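> coordinates only, no sequence provided:
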């Protein structure tokens, strides 16, 4: 790629962009640079500036630009500043002085040619040309809508005038794209050389067909608006990407405004006001307004800029680098990106021509080329941002997660233009939305009421292990206050070992512990384990999951009673029934009997006592429990229940290891299962029998002899070691 070290943007771009940033209070220069590039191209093409190359012949200067930014960014305001204050003088002089002189001269050239050809009177031919010229109507320096026929008519007028350009500027392109399809289609053809095929119409006395004329009429285009309107997930978005694929990707400079306003950061009202009235703004505007006024001088008409060999070779170097980068992209799914990248050199050439015209240079200098490459590369980065559009199902997921209420299919049809009308397509989109949400911290819950589907979503916040959610008190029911300072998970003993304290894994309104006062939001599960399973076995079985245990005052070496605290990967806000179902599902999934866990653990308002003398154990090496499959009314929970039902005939411990017996680890997991039975206190023969029975239940059981010669041999050694 070309080395651009030390290259800065053209002064006509950067100095005016500084003014626009000050007046709009936006710091995104990329957006305004593309805007200014368009206006430079508009002036150059109006004066029919031409790039003279040795390899491609004469090329007219013209610029196509697409600029997107959020509402309130200052798009329309900045365009008005440029049109009225910065290039207003150029426009006035061009329309009132230069264009009439140039067109009148060209009318005589055409009249004399036709007089020689037709052996007629030059004056009569001149009058005919002027009549045709006037019949085409007034010349619009800029227009925002039209028809292909109207563009052909204006083009014919400009061919008669031999000056001026066809300048299309569409604001709110998202709202106006569909109605502008015909115009944008003809603009695809006009870009390279300003040529378009004539349309055959019926010739009548009232509608006389014009005589065909050869020539070039450069065209410029500025499309700007908000991304939300353009990327609506429906017909407008589809048409936009169709245009990119058809050819606008390779033709356009792209800008994407997304920086925050400066006033939202650190500036005071006084500082903002001073920037708006900064004298330097007017000085810069006046400087460039005067210069641009001089560019409308008839002496600048048909300005020709030669591309010398050194610059031409540098452009070829850039072209080859872009084409090589495009070749590295995959063939499938990157057609638009490849087209844009491989044709950047042509946009660079036209933009460099605009810079040379502004500098009144008779050749495109190396600096002009490098300045153009710099801006086109920034345009390419903005284009990449534009292509990273959100798919319709992503927008659906975000809408459901942020609308704050349950919605039906009817609500979604009213609110989202891209939501399908066909039932099957709606179901598919909702399924895709739920799947996307699963990977992006968004959950979508589905419920049925009277046969109607209701959806509610929320964006999940990841658990910060340094900020565990709990409240505590020395009272059974009152004064349950959150800790003034957050307690990290690895410091929970400060809470659980405190003397005479009660605590909960939720907060409460008015600090009163009662179900109706629960404030939804928790990031850890707390289970009372009462004597059915040993604490050491739990530590071993849950080695892959972060957890913390502390023994209660009723704990004994023979009957283990303890609290099992498991942090989860997201903060969840569940109602009473959802919380109960979630804890039930987690308990059923854990590798010990459901009966070993106190049922009161399923209550949101459940409180637990601290135990000053209890034994504690942290497992910080495991992963946070992925709680998503256990959240009720979600697609992941439906999958969990389906998979759970498939292994419902197994007990908890068998189910725990059966789910982990993937290819290549079955023998290892069976050994862990057998050793877990040993640690639970069973005798050798009982362990052997249960291992064989479990093996028979598997869809792909291990060889019986392998069980006895490997796994049971290791089990026997464990018993021997224990006896010693």
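Arrived safely, thanks for sending. From a predicted model like this one, the values you see are computed outputs, not experimental measurements.

> in contact with the closest residue to residue 500 other than its chain neighbours, which residues?
Leaving aside its sequence neighbours, residue 500 sits nearest to residue 474 (C-beta to C-beta, 6 or more residues apart in numbering; 5.5 Å). Every C-beta, even on glycine, is put in place using the N, C-alpha and C of the backbone. By C-beta atoms under 8 Å, 6 or more residues apart in numbering, the contact list for residue 474 reads 500-502.

> tell me where the stretch 201-350 of the chain has helices.
Under the criterion DSSP state H, counting those that start in this stretch, the stretch 201-350 of the chain contains helices at 227-230, 235-243, 249-251, 269-276, 279-295, 309-327, 335-342, 344-358.

> out of those, deepest packed?
Of the helices of the stretch 201-350 of the chain, the one with the most neighbours on average (mean count of other C-beta atoms under 10 Å) is helix 344-358, at a mean of 26.

> just want the angle from it to helix 309-327.
Angle of helix 344-358 versus helix 309-327, following axes from the mean of the first three to the mean of the last three C-alpha atoms, to 10 degrees, is 150 degrees.

> pull the distance from helix 344-358 to the chain's centre.
31 Å (C-alpha atoms, centre = their mean, to the nearest Å).

> cool, and stretch 481-499?
On C-alpha atoms, centre = their mean, the centre of stretch 481-499 falls 39 Å from that of its chain.

> mind listing what's buried in it?
For stretch 481-499, the neighbour count (16 or more other C-beta atoms under 10 Å) marks 487, 489, 492, 495-497 as buried.

> one more: stretch 502-512?
Buried-residue list, stretch 502-512, by 16+ other C-beta under 10 Å: 502-508, 511.

> residue 84: neighbour count?
If you count neighbours by other C-beta atoms under 10 Å, residue 84 ends up with 12.

> looking at it now. What's its pLDDT?
pLDDT, residue 84: 94.

> how about residue 2?
At residue 2, the model reports a pLDDT of 86.

> that one contacts residue 315, doesn't it?
No. Counting by C-beta atoms under 8 Å, residue 2 does not reach residue 315; the two are 9.3 Å apart.

> residue contacts, residue 178?
Residues in contact with residue 178 (C-beta under 8 Å, 6+ apart) are 235-236, 239.

> can you verify residue 549 is assigned to a strand?
Yes. Applying DSSP: H, G, I helix; E, B strand; the rest coil, one finds residue 549 inside a strand.

> as a check, name the ranges of all helices in the stretch 351-500 of the chain.
366-387, 392-402, 409-415, 423-439, 493-496.

> now mean pLDDT too, for those, in a markdown table please.
Listed next are the helices of the stretch 351-500 of the chain as a markdown table, based on pLDDT from 0 to 100:
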| stretch | mean pLDDT |
| --- | --- |
| helix 366-387 | 95 |
| helix 392-402 | 90 |
| helix 409-415 | 91 |
| helix 423-439 | 88 |
| helix 493-496 | 94 |
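
> need the ones you listed in TSV (columns: distance to residue 49).
Output for those, formatted as TSV (distance: least, C-beta to C-beta, whole Å):
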stretch	distance to residue 49
helix 366-387	12
helix 392-402	43
helix 409-415	49
helix 423-439	49
helix 493-496	76
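
> list just the nearest of the buried residues of stretch 481-499 to residue 401.
Residue 401 lies nearest to residue 489 out of the buried residues of stretch 481-499, by C-beta to C-beta, at 26.9 Å.

> quick check: closest non-adjacent residue to the closest one.
Per C-beta to C-beta, 6+ apart, closest to residue 489 is residue 465, 4.4 Å.

> for residue 570, see how far away the one you found is.
Distance, residue 465 to residue 570, using C-beta to C-beta, to the nearest Å: 12 Å.

> more neighbours, the two?
residue 570 (19 against 16).

> mean confidence (pLDDT) on the helix or strand in which that one is found, please.
Per DSSP states H and E, residue 570 falls inside strand 561-572. Averaging pLDDT along strand 561-572 yields 96.

> how about stretch 122-129?
For stretch 122-129, the mean confidence score works out to 93.

> thinking again about what came up before, and the helices of the stretch 201-350 of the chain as CSV, adding distance to residue 59 and mean pLDDT?
Output for the helices of the stretch 201-350 of the chain, formatted as CSV (distance: least, C-beta to C-beta, whole Å; pLDDT from 0 to 100):
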stretch, distance to residue 59, mean pLDDT
helix 227-230, 30, 86
helix 235-243, 23, 91
helix 249-251, 14, 95
helix 269-276, 40, 72
helix 279-295, 19, 93
helix 309-327, 12, 95
helix 335-342, 18, 94
helix 344-358, 7, 97
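
> closest one of the buried residues of stretch 502-512 to residue 616?
Once C-beta to C-beta is applied, the member of these that ends up nearest residue 616 is residue 503, at 14.6 Å.

> SS state for the closest one?
Quick answer, by three-state DSSP: residue 503 is strand.
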